[in-house]
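# Build me a model:
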Amino acid sequence: MTATTVWKGKYIEAVVDGRWEYVKRARGIGAAVILALTDEEEVVLVEQARVPLGRNCIELPAGLVGDETAGEEAAASAERELEEETGFAAQHWEELGEFASSPGMVGETFRLFRATGLTRVGTGGGVSNEEIVPHVVKLTEVPAFLAAKRGEGCAIDVKLLAVLPYAKGRP
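Predicted coordinates for the structure are as follows:
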């Protein structure tokens, strides 16, 4: 069976392929996700409103690759997004690979980067009306932080939980 696009917007499209129905990024857009670690063994997280969830979500900093600049490299997007969202720039970057977000329903994959040697260069918060709140959390305190945020009604992005082992250099 061949895949048929049944709806296409600026950023996503809905596809039917045999009995499968899924969404994927339009125009070849990808995503970059950043595991940003301070020298003090802290991880930089972001909190932002997510319309599909109807509430705020705690996530790793991330952004779309190629949504505004065709042919943009994932690493360049990661650097830009880290600074825009968190106010940090990183001295060292390491690509950890490509991962699937939710492969049974979404055709999106993302490139995961570990950023270290962080320097505060701004306040973060995103661009335009993103209203992103950066959080810097000790790695040992992440479970308690997430529990507290969950208690406040925040959703927790599963990517955050899946990549925390990389913080200590092990997959």
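# For Leu139, grab phi and psi.
phi -60, psi -40 (degrees, to the nearest 10).
# That one and Thr109, how far apart?
26 Å (C-beta to C-beta, to the nearest Å). All C-beta spots, glycine's among them, are computed from the backbone N, C-alpha and C.
# And Ala36, by the same measure?
Look at Ala36 and Thr109: by C-beta to C-beta, they are 20 Å apart.
# the more surrounded of the two?
Neighbours were counted for Ala36 and for Thr109 using other C-beta atoms under 10 Å; Ala36 has more, 26 against 16.
# quick one: contacts for that one?
Residues in contact with Ala36 (C-beta atoms under 8 Å, 6 or more residues apart in numbering) are Val43, Val44, Leu60, Pro61, Leu82, Thr86, Phe88, Ala90, Arg114, Ala115, Thr116, Leu118.
# Try it again at 7 Å.
Residues near Ala36 by C-beta atoms under 7 Å, 6 or more residues apart in numbering: Val43, Val44, Pro61, Leu82, Thr86, Phe88, Ala90, Ala115, Leu118.
# any idea which of the residues you listed is closest to Ala14?
Nearest to Ala14 among those is Pro61, at 27.5 Å by C-beta to C-beta.
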